[in-house]
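> Structure of the sequence below:
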Amino acid sequence: MSQKICTNCERSFDTKGFEPFCSKRCADVDLHHWMQGSYVIPGSGLDVEENAPSFTSSQDDER
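So this is what the prediction gives:
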């Protein structure tokens, strides 16, 4: 079996189950970063006003 490097803590590991991480803890840390918005994809931002969908209903229009 070849040694792999954990993408979170950079320790080497050879166990299976949480790849590309060495443990559930490292997988959970990575998930937490995604959920908190710590990871971003570079690029131009969207104009929220221009691209936002309209959620008004016909009932709102009658008031």
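> for this protein, what spans make up the strands?
In the chain, the strands defined using DSSP state E lie at 4-5, 12-13.
> Return the list of helices and strands in contact with the last one.
I take that to be strand 12-13. Counting contacts by 3 or more C-beta pairs under 8 Å, 6 or more residues apart in numbering; DSSP states H and E, strand 12-13 is packed against strand 4-5. All C-beta atoms are positioned from the backbone trio N, CA, C, and that covers glycine.
> where are the low-confidence patches of this protein?
1, 46-54, 56-63 (pLDDT under 70).
> At the geometric centre of this protein, which residue sits there?
residue 34 (3.1 Å; C-alpha atoms, centre = their mean).
> Could you report the separation of residue 55 from residue 45?
Taking C-beta to C-beta, to the nearest Å as the measure, residue 55 falls 21 Å from residue 45.
> Residue 20 too?
29 Å.
> Neighbour count for these two, which is higher?
residue 20 (13 against 6; other C-beta atoms under 10 Å).
> which ones are touching that one?
Residues in contact with residue 20 (C-beta atoms under 8 Å, 6 or more residues apart in numbering) are 4, 6, 7.
> Out of those, who's the most crowded?
residue 6 (18 neighbours).
> pretty sure that residue is touching residue 19, no?
No. With contact defined as C-beta atoms under 8 Å, residue 6 does not count as touching residue 19 (9.1 Å).
> Tell me, how many residues neighbour residue 21?
Neighbours around residue 21, by other C-beta under 10 Å: 21.
> Thought residue 5 was touching it, still the case?
No. Using C-beta under 8 Å, residue 21 is not in contact with residue 5, being 10.2 Å away.
> Check the chain for its longest helix and report it.
In the chain, taking DSSP state H as the definition, the longest helix is helix 24-36.
> Please identify the buried residues of that helix?
Across helix 24-36, burial judged by 16 or more other C-beta atoms under 10 Å covers 26, 27, 30.
> which residue packs closest to the first one, ignoring adjacent ones?
Closest residue in space to residue 26, ignoring its immediate chain neighbours: residue 8 at 3.9 Å, by C-beta to C-beta, 6 or more residues apart in numbering.
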